[in-house]
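> next one to model:
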Amino acid sequence: MNDPRHYFVIDTLRIGTTVTIRAIRPDDKTKLVSAFKNLDRESVYTRFFQYVRELTDQDLKRATEIDFDREVALVVTVDLGGEETIIGTGRYVVFEEADTGRSAEVAFIVEEDCQGLGIASRIFRHLVQIGRQKNVSRFKNDQQVGALGGMATAGILGMFVGATLLALGYQLFMGWVAANPDAGPARAESDPPPAS
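All right, here's what the predicted structure looks like:
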C-alpha cells in the first residue's frame, strides 16, 4: 500500500488544463489562505455552515497537519505564473460503524471559477482509491450541502429536492465506482516534487 502522505497525480481536466492532485502538506497553509480568500461568501457558508471571514492559525493547522490514517486530505493545484495555486480541496474523516465497519465522511470545496470542471468528482475518485487501501467500506457526505444549494435555487421546496438529488447523485457515483474498480487516476508520478 502506498503512503497517502505522498499521494501525487498529474491529471488533465476536460478543458485541457493540467492539474496536480496531491496530499495536503503542512507547508500549504499560505496557499490555503490565498484559496480561501478567492471563495465567495456563499461557498464559505455552504462548506462551514457559518460565515467565516478568515482562517485562524488553529484552522490552518487542523487542515494541513493530519494523520493520513483517520483523515486524508487532497488538494488540486494549477501552476499560475510559476506559482502553485490551490483551486480545490477534498478530505475524508473515518469513523467506525458497528454494522458497516470503517466509513468516511467526505467534504469538498472548489473555487467558483473552477466549478463545473469535474474537480470534486476527481478528488472523490482519488479519496475512494486511498480509502479502499485503508479498508474504508463506505463514503458519505453531508446532505445539508444539497439542501442549502437546493434552497438557493428553488426556495424551501429546493431544500428537499437539492438533498434528494445530491443523495441520488452520490448513490449513482458510488455504484459507478463499485462497477469500475480499475478506473484509477490518469497518470501517477513515482516521485512527488520536493516540498517548497
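
> buried residues of the biggest strand by length in the chain, list them for me.
When the chain is parsed with DSSP state E, its longest strand is strand 83-97. Neighbour counts over strand 83-97 (16 or more other C-beta atoms under 10 Å) mark 85, 86, 87, 88, 89, 90, 91, 92, 94 as buried. Where you see a C-beta, it was placed from the backbone N, CA and C, and this is true even at glycine.

> shaky segments in this structure?
1, 40-52, 142-196 (pLDDT under 70).

> quick one on the thing from earlier: and the longest strand of the chain, which strands flank it?
Here strand 83-97 is paired, per DSSP bridges, with strand 71-80 (antiparallel), strand 101-110 (antiparallel).

> out of those strands, which one sits most buried?
Mean neighbour count (mean count of other C-beta atoms under 10 Å) peaks for strand 71-80 among the strands paired with strand 83-97, with a mean of 20.

> send me stretch 6-17 as PDB with only the CA atoms.
Taking Å, rounded to 0.1, in the frame of the first residue of the first chain, the C-alpha atoms of stretch 6-17 are listed here in PDB:
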ATOM      1  CA  HIS A   6       3.000  11.200  -0.600                       C
ATOM      2  CA  TYR A   7       0.000  10.900  -2.900                       C
ATOM      3  CA  PHE A   8       0.700  12.800  -6.100                       C
ATOM      4  CA  VAL A   9      -1.000  12.500  -9.500                       C
ATOM      5  CA  ILE A  10      -0.900  14.600 -12.600                       C
ATOM      6  CA  ASP A  11      -4.300  14.800 -14.300                       C
ATOM      7  CA  THR A  12      -6.000  16.800 -17.200                       C
ATOM      8  CA  LEU A  13      -9.300  18.500 -16.800                       C
ATOM      9  CA  ARG A  14     -11.900  18.100 -19.600                       C
ATOM     10  CA  ILE A  15     -11.000  21.700 -20.800                       C
ATOM     11  CA  GLY A  16      -7.400  20.600 -21.200                       C
ATOM     12  CA  THR A  17      -5.900  22.200 -18.100                       C
END
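
> and it, what's buried?
For stretch 6-17, by 16+ other C-beta under 10 Å, it's 7, 8, 9, 11, 13.

> coming back round to it: got JSON lines for the strands paired with strand 83-97, with distance to residue 35 too?
Below are the strands paired with strand 83-97 laid out as JSON lines (distance: least, C-beta to C-beta, whole Å):
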{"stretch": "strand 71-80", "distance to residue 35": "8"}
{"stretch": "strand 101-110", "distance to residue 35": "8"}
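
> for residue 60, find the nearest of the ones you listed.
In this view, these are compared for proximity to residue 60 by C-beta to C-beta, and strand 71-80 is the closest at 12.2 Å.

> can I get the closest one in CSV, CA atoms only?
Taking C-alpha atoms only, strand 71-80 is exported to CSV below (Å, rounded to 0.1, in the frame of the first residue of the first chain):
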residue,chain,number,x,y,z
GLU,A,71,-8.2,11.6,8.0
VAL,A,72,-7.0,12.1,4.4
ALA,A,73,-6.9,15.4,2.6
LEU,A,74,-6.0,16.2,-1.0
VAL,A,75,-5.6,19.4,-2.9
VAL,A,76,-5.9,20.2,-6.6
THR,A,77,-3.4,22.7,-7.8
VAL,A,78,-2.6,24.5,-11.0
ASP,A,79,0.6,26.4,-12.0
LEU,A,80,-0.3,30.1,-12.3
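
> appreciated, that's everything.
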